[in-house]
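Undergrad: Below are the sequence and a predicted model for it; my questions follow.
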Amino acid sequence: MARKFLYLVAIVIVAFIAGAIALSIWSREATQIAFVPRGEFVEQPPLADNAYQDPAMWYSRPGIGRSDPARYQPAMSRSAGSVAPAEELARESEKAPSFAVFFVPPTSYIKVGGGWNATLDDPTTDGRARLFLQGLASPFNRADEIWAPKYRQAAAGAFLTDKPEAQKAIDAAYADVLQAFRFFVDSVDPDKPIVLAGHSQGAAHILQLLREEIGGTPLQKRIVAVYAPGWPLSVKHDLPALPIPACAAAGQTGCLLAWSTIAEGGDSIMIMERYDATPGFDGQPRGSGPILCVNPLTGGTGGTAPAAANRGTLVPNETLARAELVPDAVPARCGDNGLLYIGEPPVMGEGVLPGDNYHVYDIPLFWKNLQDDVVERVKAWTASRS
């Protein structure tokens, strides 16, 4: 599994280094030229009604076994002076209540000169998605069911432009996600609690499911929590339009967690520029108001937590030959603008974007806390129904 993490890091480097160079050397306009598709939007045929009955349409689902990328479990660091506390070991031995996770992968279709949507037979996109899931979906691995669908993702450039083709591509990607989600709901026990999660583009699709497919239905009562990091949400224009509130504290259920990570003193232009320019879920311009920040180290909205509260950051070693969970590595502070600040820039690899933007690492920076957080919320949900 350690070698697989090496491949994950390598793919992150390949996927993002071109964009990082463009953003830091050329300009935002040059980045759009490189990554925004130039051609017309070409609608792909709809999937068959039973498409998601095929196990090959899932990166993760029950029955895949040890090859399931979401089941990756890193080791805790045993470096000098670093010993897992007794309560940490006790927590690991506890059996989590039964729950199911629906995780939507982030954008792995990152191609210069490509079309508006990925195809299902693109081996580069497919392989990259599996590797991303190993680092991003694995904190949810104490669930007895993890489902992560393949879908015809919108190109990375669709999120860098106002072209009408971009929204068509995003809508087409969501149509696949919606079909996969409906199959997921039909496949799990009707009494089992559900956790929704995704990162970046995946978080955007999760939030649309929450608004359009779940809110106001009986299914909403089964939602333990929604984890949507890497997609900025306006406190004023987005959050009130959602059917659930932001999580105010650890252990709360039926609530939402979202954050966007940057080092102290980092440049937030990459995060805020498109955010400012696009409308909120209420149809109004977001403007420059604060974004939602649920601190992943405390489990509640806003606030500050020291590095000592971080139970484990997923960090590769210098040779990238292996990865381990390093406790006490990164603090977290919700700023007045809603960004999540993590102190001095930690060494995480070449996936760090210009301006000390840690978007790629929104989840790995807080890996162990998130693993524990979801179990705590599921236990609270289960206890409230007993």
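TA: Now that the structure is in, tell me what you want to look at.

Undergrad: Provide the secondary structure category for the spatially closest residue to Phe183 that is not a sequence neighbour.
TA: Nearest non-adjacent residue to Phe183, counting by C-beta to C-beta, 6 or more residues apart in numbering: Tyr52, 3.9 Å away. (Each C-beta comes from the backbone N, C-alpha and C, glycine too.) The three-state assignment at Tyr52 reads helix, by DSSP: H, G, I helix; E, B strand; the rest coil.

Undergrad: Distance check, Tyr52 against Val177.
TA: Per C-beta to C-beta, to the nearest Å, Tyr52 is found 10 Å from Val177.

Undergrad: ok, now Gly114?
TA: 20 Å.

Undergrad: What of Thr261?
TA: Look at Thr261 and Val177: by C-beta to C-beta, they are 24 Å apart.

Undergrad: Buried by neighbour count: which residues of the longest helix seen in the chain qualify?
TA: Ordering each helix of the chain by length in residues (DSSP state H) puts helix 164-187 first. Neighbour counts using 16 or more other C-beta atoms under 10 Å place 165-166, 168-170, 172-181, 183-185 of helix 164-187 among the buried residues.

Undergrad: my guess is Leu339 contacts Asp267, does it?
TA: No: the criterion here is C-beta atoms under 8 Å, and Leu339 misses it with Asp267 at 10.8 Å.

Undergrad: Neighbour count for these two, which is higher?
TA: Higher neighbour count among Leu339 and Asp267: Leu339, with 22 against 15, using other C-beta atoms under 10 Å.

Undergrad: Apart from its neighbours in sequence, what residue is nearest that one?
TA: Distances taken as C-beta to C-beta, 6+ apart put Ile262 closest to Leu339, at 5.2 Å, once the chain neighbours are dropped.

Undergrad: tally of neighbours for the one you found?
TA: For Ile262, using other C-beta under 10 Å, the count is 23.

Undergrad: show me what contacts it?
TA: For Ile262, the contact set (C-beta atoms under 8 Å, 6 or more residues apart in numbering) comprises 268, 271, 339-342, 355-358.

Undergrad: and what of Ala263?
TA: 341-346, 356, 358.

Undergrad: Recalculate using a threshold of 7 Å.
TA: Going by C-beta atoms under 7 Å, 6 or more residues apart in numbering, Ala263 touches 342, 344-345, 356, 358.

Undergrad: Can you report phi and psi for Arg385?
TA: Main-chain torsions, Arg385, degrees, to the nearest 10: phi -100, psi -10.

Undergrad: ok, how many other residues are close to it?
TA: If we define neighbours as other C-beta under 10 Å, then Arg385 has 10 of them.

Undergrad: Need the pLDDT of it.
TA: The model reports Arg385 with a pLDDT of 89.

Undergrad: Over to Lys150?
TA: 97.

Undergrad: Just give the closest residue to it, not the sequence neighbours.
TA: Excluding the flanking residues, the one nearest Lys150 by C-beta to C-beta, 6+ apart is Met57, at 5.2 Å.

Undergrad: Can you get me a residue count around that neighbour?
TA: 19.

Undergrad: quick one: low-confidence parts of the stretch 51-200 of the chain?
TA: 78-94 (pLDDT under 70).

Undergrad: can you rerun that using 50?
TA: Within the stretch 51-200 of the chain, the stretches with pLDDT under 50 are 80-83, 85-90, 93.

Undergrad: Would you state the strands of it in chain order?
TA: With strands called from DSSP state E, counting those that start in this stretch, the stretch 51-200 of the chain shows them at 58-60, 75-76, 100-104, 145-149, 194-198.

Undergrad: Any stretches of the stretch 201-350 of the chain with poor pLDDT?
TA: In the stretch 201-350 of the chain (pLDDT under 50), no residue qualifies.

Undergrad: Let me see the ranges of the helices in it.
TA: With DSSP state H, counting those that start in this stretch as the criterion, the stretch 201-350 of the chain has helices at 201-209, 269-277.

Undergrad: Point out the most buried one among those.
TA: Mean neighbour count, computed with mean count of other C-beta atoms under 10 Å, is highest for helix 201-209 among the helices of the stretch 201-350 of the chain, reaching a mean of 25.

Undergrad: Not counting it itself, show me its contacts.
TA: Residues from elsewhere that reach helix 201-209 (C-beta under 7 Å, 6+ apart): 104-107, 153-154, 173-174, 177-178, 181, 196-198, 226, 228-231.

Undergrad: same deal with stretch 148-162?
TA: 31-32, 35-37, 44, 52, 57-60, 70, 103, 105, 107-111, 114-120, 133, 137, 166, 169-170, 172-173, 176-177, 180, 201, 274.

Undergrad: Could you do stretch 362-375 as well?
TA: 91, 96, 135-136, 139-140, 142, 195, 199, 225, 229-230, 250, 259, 261, 296-297, 299, 310-314, 325, 330, 342, 358.

Undergrad: Go again with 6 Å.
TA: With C-beta atoms under 6 Å, 6 or more residues apart in numbering as the test, stretch 362-375 has contacts from 96, 135-136, 139-140, 142, 195, 229-230, 261, 296-297, 299, 311-314, 325, 330.

Undergrad: Please apply the same query to stretch 334-349.
TA: Contacts of stretch 334-349 (C-beta under 6 Å, 6+ apart): 9, 259-264, 268, 290-291, 293, 295, 302, 316, 330-333, 356, 361.

Undergrad: Stretch 212-220 now?
TA: Pro243.

Undergrad: what distance separates the start and the end of it?
TA: This stretch, stretch 212-220, spans 11 Å end to end (C-alpha to C-alpha, to the nearest Å).

Undergrad: Next: stretch 284-294.
TA: End-to-end span of stretch 284-294 (C-alpha to C-alpha): 23 Å.

Undergrad: Tell me how far it lies from the chain's centre.
TA: Offset of stretch 284-294 from its chain centre (C-alpha atoms, centre = their mean, to the nearest Å): 19 Å.

Undergrad: can you pull the buried residues of it?
TA: 286, 289-294.
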